[in-house]
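Visitor: give me coordinates for this.
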Amino acid sequence: MKRLALALKQRKVASWKLEEVKELTELIKNNNTILIGSLEGFPADKLHEIRKKLRGKATIKVTKNTLFKIAAKNAGINTEKLEQYLTGPNVFIFTKDNPFLTNMFFENYKLRRYAMPGDKAEEEVVIPAGDTGMPAGPILSVFGKLKVQTKVQDGKVHVVKDTVVAKAGDVIPTEALPILQKLGIMPVYVKLKIKVAYHEGLVIPAENLKLDLEGYRSNIAEAYRNAFTLAVEIAYPVPDVLKFTISKVFKNAIALASEIGYLTPESAQAVISKAVAKAYALATAISRKVDLGVQLPAAQHTQTQQSTAEEKKEEKKEEEKKGPSEEEIGSGLASLFG
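Guide: Below you'll find the predicted structure:
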């Protein structure tokens, strides 16, 4: 009796539905990634272009949410977390690829369609110059409303020059829609909106599927710079780092030697240059008060004068109080010039 009751129950279910569930169950079992996309506002006739593009990589099925849900349960999937996405017209993409890479394909893959009333242009919409193939008649007034310059040649409407009928962001004029369609111009881009991905037990909402490649690239570059800077600083012993570490250490050593006056064949030029610069700076500073009998270089003299003038503006009062006395200056010169 139970078998008879079950048989009678099964007879009430359309055979195509049973076949559909069976096929979906196999697809779910044979693929570890399922993406659910919304078909709301998406031209169904564009799906064949996506199928063609993903041939060999993914299987695309448009089916009822209830059938998918039954198939998912048959395949051992807990559909509780997927139910919120099983509303409205959906398309199901079955693949063995990474869900993030598959989603990236849909993010970047745009299709064109004809414009509909209220559509906005994503880029300039241009009616090109040339033969439109349209017979002269009432259509000429439509071109006139769009401010498209035309002429009639052999009974057909010719557009005199390329004419923009909508700029990016503008609503495409309703009058232009039949003309664009007759010319085969599809100015509107559409893409399939992915709602969610299911991958090996994980439910990944669309907002978490997006990959910010530029951000990742920038973060990796910054991490590399920071790591390299740290490696140079601590003299991490690898060839690529040590050549920069040695160069930096050498520069620091020369700078320290010139500061403390430590003379070696390598530091001599820096030490002497710094000593000469200090001597000129001091001589210039006191040249108005004491005749040194020394000719200072013009550039050094000018530069030092400028620096002195700037310093005077900021530290005028302090200089007056703390400036060296003539006795101190004379003593300093004696030690400097011998």
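
Visitor: in stretch 233-240, what counts as buried?
Guide: Buried positions in stretch 233-240, judged by neighbour count with 16 or more other C-beta atoms under 10 Å: none. No exception for glycine: its C-beta is placed from N, CA and C like everyone else's.

Visitor: who touches it?
Guide: L230, A231, V241, L242, T245, V249 (C-beta atoms under 8 Å, 6 or more residues apart in numbering).

Visitor: 10 Å - rerun?
Guide: A227, F228, L230, A231, V232, V241, L242, F244, T245, I246, K248, V249 (C-beta atoms under 10 Å, 6 or more residues apart in numbering).

Visitor: the helices in the protein, which residues?
Guide: 2-11, 15-30, 47-53, 65-74, 99-108, 139-145, 176-182, 213-233, 239-260, 268-286, 298-322, 326-337 (DSSP state H).

Visitor: who are the packing partners of the third one?
Guide: Put plainly, it is helix 47-53. strand 58-62, strand 90-95, helix 99-108, strand 111-113 (3 or more C-beta pairs under 10 Å, 6 or more residues apart in numbering; DSSP states H and E).

Visitor: what's the average pLDDT for that helix?
Guide: Throughout helix 47-53, pLDDT has a mean value of 92.

Visitor: could I get that helix in CSV with only the CA atoms?
Guide: Presented in CSV, the C-alpha positions along helix 47-53 are these (Å, rounded to 0.1, in the frame of the first residue of the first chain):
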residue,chain,number,x,y,z
LEU,A,47,22.7,34.3,-21.1
HIS,A,48,23.7,32.4,-24.2
GLU,A,49,26.7,34.9,-24.6
ILE,A,50,27.7,34.0,-21.0
ARG,A,51,27.3,30.3,-21.6
LYS,A,52,29.5,30.6,-24.7
LYS,A,53,32.1,32.5,-22.8
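
Visitor: report the buried residues of it.
Guide: The neighbour-count check on helix 47-53 (16+ other C-beta under 10 Å) flags L47, I50 as buried.

Visitor: repeat that for the fifth one.
Guide: For helix 99-108, burial by neighbour count (16+ other C-beta under 10 Å) applies to P99, T102, N103, F105, F106, E107.

Visitor: which among those residues gets closest to E200?
Guide: Nearest to E200 among the buried residues of helix 99-108, counting by C-beta to C-beta, is P99 at 9.3 Å.

Visitor: state the distance from the residue nearest to that closest one when sequence neighbours are not counted to G88.
Guide: Distances taken as C-beta to C-beta, 6 or more residues apart in numbering put A197 closest to P99, at 3.8 Å, once the chain neighbours are dropped. Distance, A197 to G88, by C-beta to C-beta, to the nearest Å: 17 Å.

Visitor: neighbour count winner among the two?
Guide: Higher neighbour count among A197 and G88: A197, with 25 against 10, using other C-beta atoms under 10 Å.

Visitor: just checking, the more buried one touches I93?
Guide: Yes - judged on C-beta atoms under 10 Å, A197 makes contact with I93 at a distance of 8.8 Å.

Visitor: residues that sit against both of the two, list them.
Guide: Common neighbours of A197 and I93 (C-beta under 10 Å, 6+ apart) are T33, I34, L35, I36, G37, P99, T102, N103.
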